[in-house]
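**Student:** just coords:
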């Protein structure tokens, strides 16, 4: 049991030492970090948060209302 504990402590120490050396880079100077993946553009989470979706929805609703109730022809 004690042997496994010693192996575990040694493995953790080795991992942290190697990680520290990789972060420091050559010559002891801080290494350049790899650029992270670009974040996707933020967008609305739901359709009712999207202004263009709501605008188009309102246009469609008005068009359907006009088509369902055409204006009366003018009396001549």
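**Tutor:** On my side now, so go ahead. The shown structure was predicted, so the numbers you read here are calculated from the model rather than taken from an experiment.
**Student:** could you point out which element follows the lengthiest helix in the chain?
**Tutor:** Ranked by number of residues, the top helix in the chain under DSSP state H is helix 2-24. Per DSSP states H and E, the first helix or strand lying C-terminal to helix 2-24 is helix 51-68.
**Student:** in that following helix, what counts as buried?
**Tutor:** When burial is assessed from 16 or more other CB atoms under 10 Å, helix 51-68 yields no buried residues. Quick note: C-beta positions are derived from backbone N, CA and C, even for glycine.
**Student:** Tell me how far it lies from the chain's centre.
**Tutor:** Here helix 51-68 is found 31 Å from its chain centre; the criterion is CA atoms, centre = their mean, to the nearest Å.
**Student:** Same check on stretch 38-54?
**Tutor:** The answer for stretch 38-54 is 12 Å, by CA atoms, centre = their mean.
**Student:** One more: stretch 59-76?
**Tutor:** Per CA atoms, centre = their mean, the centroid offset for stretch 59-76 relative to its chain is 44 Å.
**Student:** Adjust the sequence numbering to begin at 870 for everything that follows.
**Tutor:** Yes, from this point I'll number from 870; that puts the last item at stretch 928-945.
**Student:** Pull up the gap between residue 871 and residue 877, please.
**Tutor:** 11 Å (CB to CB, to the nearest Å).
**Student:** out of these two, which sits in the more crowded spot?
**Tutor:** For residue 871 versus residue 877, the count of surrounding residues by other CB atoms under 10 Å is larger for residue 877: 10 against 6.
**Student:** For that one, list the residues it contacts.
**Tutor:** With contact set as CB atoms under 8 Å, 6 or more residues apart in numbering, residue 877 has no partners.
**Student:** likewise residue 941?
**Tutor:** Applying CB under 8 Å, 6+ apart, no residues qualify as near residue 941.
**Student:** And what about it, helix, strand or coil?
**Tutor:** When classified by DSSP: H, G, I helix; E, B strand; the rest coil, residue 941 comes out as coil.
**Student:** Kind regards, and thank you for your time.
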